[in-house]
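Visitor: structure of the sequence below:
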Amino acid sequence: MSFKVVLFGDLRKRLSNKKENIELNQEEFHSVKDVLDYLDIEVDEVSHIFLDHSYSDVGRKIESENERLALFPKDMALLYKWYFKKKE
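Guide: Next up, the predicted model:
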């Protein structure tokens, strides 16, 4: 059971293969924070987190396979925080 992680902007440079997305085993990661720790990305480097197209908090749980986690760096910040409530 796996889920997809899509990195945008400078966060892509964290991947050794320079691909824009990776597949991770869902059973090994319980929250978005676990994924950030695995990828060695600090929370303050990320401006926006989307889990299955929903604006999300770093503590949001990854609950099922086939989910899609999108991470955007600070230099790609948008106005989402003023218009959308984060899911925790």
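
Visitor: how many residues are close by the closest residue to Asn66 other than its chain neighbours?
Guide: Excluding its sequence neighbours, the residue lying closest to Asn66 (CB to CB, 6 or more residues apart in numbering) is Phe3, at 6.4 Å. Glycine gets a C-beta too; all of them are placed from N, C-alpha and C. For Phe3, the count of nearby residues is 21 (other CB atoms under 10 Å).

Visitor: give me the element Phe3 is part of.
Guide: strand 2-7 (DSSP states H and E).

Visitor: and what of Leu69?
Guide: Element membership for Leu69 (DSSP H and E) is strand 68-73.

Visitor: list the contacts of the spatially most central residue of the chain.
Guide: Centroid-nearest residue in the chain, with CA atoms, centre = their mean: Leu71, separated by 3.8 Å. Residues counted as contacts of Leu71 (CB atoms under 8 Å, 6 or more residues apart in numbering) are Val5, Val6, Leu7, Phe8, Leu11, Leu36, Ile41, Val46, His48, Ile49.

Visitor: so the fourth one makes contact with Asp75?
Guide: No: with contacts defined as CB atoms under 8 Å, Phe8 does not count as touching Asp75, sitting 9.8 Å away.

Visitor: these two - which one has more neighbours?
Guide: Ranked by neighbour count (other CB under 10 Å), Phe8 and Asp75 place Phe8 first, with 17 against 11.

Visitor: how close does the more buried one sit to Leu69?
Guide: Going from Phe8 to Leu69 by CB to CB, to the nearest Å gives 11 Å.

Visitor: same check on Met76?
Guide: From Met76 to Leu69 the distance is 15 Å (CB to CB).

Visitor: looking at the two, which is more packed in?
Guide: A count of neighbours by other CB under 10 Å puts Leu69 above the other of Met76 and Leu69, at 23 against 14.

Visitor: so the more buried one touches Val5, yeah?
Guide: Yes: contact criterion CB under 8 Å: Leu69 and Val5 qualify, at 4.8 Å.
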